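1. Fold the following.
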Amino acid sequence: MNFEFSDKVKILQRQVQAFLDEYIYPNEQRFYDEIEKNRWSPARIVEELKLKARAAGLWNLFLPDSEHGAGLTNLEYAPLCEMMGCSAMAPEVFNCSAPDTGNMEVLARYGTSEQKERWLKPLLAGEIRSCFAMTEPAVASSDATNIEARIVRDGSHYVINGRKWWTSGAGDPRCKIAIFMGKTDPSAQPHKQQSMILVPMDVPGVKIERMLTVFGYDHAPHGHGEVVFENVRVPISNVLLGEGRGFEIAQGRLGPGRIHHCMRCIGVAERALEAMCKRVQARVAFGKPLAEQGTIRADIAISRMEIEQARLLTLKAAYMMDTVGNKAARTEIAMIKVVAPNVALRVLDRAIQAHGGAGVAQDTVLAAAWASVRTLRIADGPDEVHTESIARHELRKWGKFPAKSATH
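-> Okay, the predicted model is just below:
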């Protein structure tokens, strides 16, 4: 595996870093201030910077399809996505934020010409946003076969009923379309019962009942909605790929989505380690800088080692997705989906500890970053689901051999 980045990627790395330094980091406080003044309206600074990013060609970098994106492989996109992860506002500025990235990939891969024209085109332009309605409060959605929402054919329409939550992005007034997962045929085989369908957020029967918080953070104006779909009618042309193919679409969507989260986690961890190193060299306790304390130095060293390990596993997973496909790389994707958020959380926790009271306050990005990353141990499949998959894969490798004795 050759992880040396091409000249094209190195140029993009320099361009993204320059953009972060000139426009993103200096405007982060303005971003938070604008949201604080009007929580459920888009920040003006983000809209202004999106124009600059698009003009600079730093736009839709996540899409491997050169027709719509930058034509980068997963491996090529990895360092760029990591850099964007260093800031809460950066992914959207580059039109590379979840869940829009996953939804755009679904539309690009599985959408009809009509669906692409109506929904993919404005998403690619950053004119609208989207959400993904899959998880349900009444069932354990880590097992997607539990999903109870219904999609019932009625003439030239489907009638949709269900309650979804953690529908991230639903609170944004720019959110115009949801990809909804529900059952079209409860009598079919377990993985053929589900379908995905496009539901405009303004059709009758769609109601956002409440916005959920994450450890007290509402993540406005993006937000995480609990959304009720009551007798919602959409044309049959809104179904994606066909009835019973929801799981097929989900597997195509979640592979890139999961690894993008992991890439951003590495960026979060890098920023936390940087903040930690700067803090401990500037603060004095018990007569010497914190950086001279042995426990602090150990935390810094362990953090660097863990970040490097997580990055290499992320790159390996990306490389395999590019070379042998998402299905063959599913174990590597599962491994990094467990590893990256846990590493980021440990590094964040050490940085918070080094900052003392400031670490848990709003004066740094650390507390909010910890709350966001903690959700990734649950989102897109909880740790337990991925570890079970990894264990099954490992056991299958040795299943035809007798167990070795404990003495060996």
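2. With Gln15 as the reference, measure out to Arg271.
-> For Arg271, the distance to Gln15 (C-beta to C-beta, to the nearest Å) stands at 19 Å. Glycine gets a C-beta too; all of them are placed from N, C-alpha and C.
3. ugh, wrong one, I meant Ala354
-> 32 Å.
4. just Ala371 next, same as before
-> Taken as C-beta to C-beta, the span from Ala371 to Gln15 is 30 Å.
5. Arg283 too?
-> 35 Å.
6. and if you look at Asp172?
-> 27 Å.
7. Would you mind telling me which of those two has more residues around it?
-> Asp172 (22 against 15; other C-beta atoms under 10 Å).
8. chain center to stretch 12-19: distance?
-> Computed by C-alpha atoms, centre = their mean, to the nearest Å, the chain-centroid distance of stretch 12-19 equals 21 Å.
9. which parts of the helix or strand harbouring Glu48 are buried?
-> Following DSSP states H and E, one finds Glu48 within helix 44-55. By neighbour count on 16 or more other C-beta atoms under 10 Å, the buried set for helix 44-55 is Ile45, Val46, Leu49, Lys50, Ala53, Arg54.
10. With stretch 376-393 instead?
-> Those would be Leu376, Arg377, Ile378, Ala379, Asp380, Gly381, Pro382, Asp383, Val385, His386, Ser389, Ile390, for stretch 376-393 by 16+ other C-beta under 10 Å.
11. Tell me the confidence at the fourth one?
-> What the model reports for Ala379 is a pLDDT of 93.
12. Could you do the last one as well?
-> For Ile390, the pLDDT comes out at 96.
13. 17 is where my numbering starts, stick with that
-> Shifting the count to begin at 17 puts that one at Ile406.
14. Nearest residue to it in space, please, no chain neighbours.
-> Ala350 (5.3 Å; C-beta to C-beta, 6 or more residues apart in numbering).
15. all helices of the stretch 17-166 of the chain, in order?
-> Along the stretch 17-166 of the chain, counting by DSSP state H, counting those that start in this stretch, helices occupy 23-35, 44-53, 60-71, 90-100, 106-109, 116-126, 129-131, 137-140.
16. could I get the ones you listed as a markdown table with mean pLDDT?
-> Formatted as a markdown table, these follow (pLDDT from 0 to 100):
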| stretch | mean pLDDT |
| --- | --- |
| helix 23-35 | 97 |
| helix 44-53 | 96 |
| helix 60-71 | 98 |
| helix 90-100 | 97 |
| helix 106-109 | 98 |
| helix 116-126 | 95 |
| helix 129-131 | 97 |
| helix 137-140 | 98 |
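17. Nearest to Gly341, out of these?
-> Proximity to Gly341 (C-beta to C-beta) singles out helix 90-100 among the helices of the stretch 17-166 of the chain, at 10.9 Å.
18. The closest one - contacts with which helices or strands?
-> Packed against helix 90-100 by the contact rule (3 or more C-beta pairs under 8 Å, 6 or more residues apart in numbering; DSSP states H and E) you find helix 23-35, helix 106-109, helix 262-298, helix 310-339.
19. which stretches of the chain have low pLDDT?
-> 416-424 (pLDDT under 70).
20. ok so, going back, may I have the secondary structure class of the residue nearest to Ile406?
-> Three-state call for Ala350 (DSSP: H, G, I helix; E, B strand; the rest coil): helix.
21. got the contact list for it?
-> Ala350 is in contact with Gly397, His402, Thr403, Ser405, Ile406, counting by C-beta atoms under 8 Å, 6 or more residues apart in numbering.
22. now with 10 Å?
-> Remark: with contacts taken as C-beta atoms under 10 Å, 6 or more residues apart in numbering, Ala350 is in contact with Arg274, Ala333, Gly397, Asp399, Val401, His402, Thr403, Glu404, Ser405, Ile406, Ala407, His409.
23. I'd like these as a markdown table, with secondary structure and distance to Phe35 appended.
-> Converted to a markdown table, those look like this (DSSP: H, G, I helix; E, B strand; the rest coil; distance: C-beta to C-beta, whole Å):
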| residue | secondary structure | distance to Phe35 |
| --- | --- | --- |
| Arg274 | helix | 26 |
| Ala333 | helix | 26 |
| Gly397 | coil | 32 |
| Asp399 | helix | 34 |
| Val401 | helix | 36 |
| His402 | helix | 33 |
| Thr403 | helix | 37 |
| Glu404 | helix | 40 |
| Ser405 | helix | 37 |
| Ile406 | helix | 37 |
| Ala407 | helix | 42 |
| His409 | helix | 40 |
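24. Relative to the whole chain's centre, how far out is stretch 348-366?
-> Distance of stretch 348-366 from its chain centroid, counting by C-alpha atoms, centre = their mean, is 13 Å.
25. Can I get that stretch in CSV? Just the C-alpha atoms.
-> Only the C-alpha atoms of stretch 348-366 are listed here, as CSV (Å, rounded to 0.1, in the frame of the first residue of the first chain):
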residue,chain,number,x,y,z
GLU,A,348,-11.6,-2.4,7.8
ILE,A,349,-14.4,0.1,7.6
ALA,A,350,-15.9,-1.5,10.8
MET,A,351,-12.6,-1.4,12.6
ILE,A,352,-11.9,2.3,11.8
LYS,A,353,-15.5,3.2,12.7
VAL,A,354,-14.8,1.9,16.2
VAL,A,355,-11.2,3.1,16.5
ALA,A,356,-11.3,6.7,15.2
PRO,A,357,-14.1,8.1,17.4
ASN,A,358,-12.6,6.4,20.5
VAL,A,359,-9.2,7.8,19.8
ALA,A,360,-10.6,11.3,19.2
LEU,A,361,-12.5,11.1,22.5
ARG,A,362,-9.4,10.0,24.4
VAL,A,363,-7.3,12.8,23.0
LEU,A,364,-10.1,15.3,23.6
ASP,A,365,-10.4,14.1,27.2
ARG,A,366,-6.7,14.6,27.8
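26. Fine by me, thanks again.
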